[in-house]
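> I would like the atomic coordinates for the input below:
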Amino acid sequence: MTQPGRDHWPYANSFLFSGGNIHEGQVIGATDRLGEHAVDRRVGVGDFAATIYRHLGVDYERITIADPAGRPIPILPEGRPIPELVGRA
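Residues are numbered from 1 along each chain as shown. As a prediction, the model looks like this:
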């Protein structure tokens with residue numbers, strides 16, 4: 001069963017970043033004319049999280065948390081910082 005209101009445009013999203021030495025005023029990627037599917041420079045939720053972690057100084061590639069059995073689980077299993085938004089010369 002689909003949750004009402006969440007069954008439209010599930011393949012495209014917008015993210016807004018501000019502060020933290022972010023490069024402002026950019027549009028990264030594009031969707032088709034209906035805004036349904038990414039057609040250029042697709043980034044995902046993992047990339048979004050990696051970008052935030054990078055700006056916060058969190059070493060997301062090495063930090064783990066323990067599952068109930070004590071096994072280490074990465075805090076971010078996938079994703080890379082969005083290059084257009086990190087580091088300012």
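
> Run through the residues that contact residue 82.
28, 43, 47, 48, 50, 51 (Cβ atoms under 8 Å, 6 or more residues apart in numbering). Any C-beta I mention is one placed from the backbone N, CA and C, and that applies to glycine too.

> got these as CSV, with secondary structure and distance to residue 10 columns?
CSV is the format used below for the contacts of residue 82 (DSSP: H, G, I helix; E, B strand; the rest coil; distance: Cβ to Cβ, whole Å):
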residue, secondary structure, distance to residue 10
28, coil, 20
43, coil, 16
47, helix, 17
48, helix, 16
50, helix, 22
51, helix, 22
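
> gap between the residue lying farthest from the centre of the chain and residue 75?
Largest separation from the mean C-alpha position in the chain: residue 69, at 28.4 Å (Cα atoms, centre = their mean). Distance, residue 69 to residue 75, using Cβ to Cβ, to the nearest Å: 17 Å.

> how about the contacts of residue 82 in JSON lines, adding distance to residue 83?
JSON lines is the format used below for those (distance: Cβ to Cβ, whole Å):
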{"residue": "28", "distance to residue 83": "9"}
{"residue": "43", "distance to residue 83": "10"}
{"residue": "47", "distance to residue 83": "10"}
{"residue": "48", "distance to residue 83": "13"}
{"residue": "50", "distance to residue 83": "11"}
{"residue": "51", "distance to residue 83": "9"}
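
> Show me the strands in this protein, by range?
With strands called from DSSP state E, the chain shows them at 30-31, 38-40, 64-66, 72-74.

> what sits up against the third one?
Outside strand 64-66, the residues that touch it by Cβ under 8 Å, 6+ apart are 72, 73, 74, 75.
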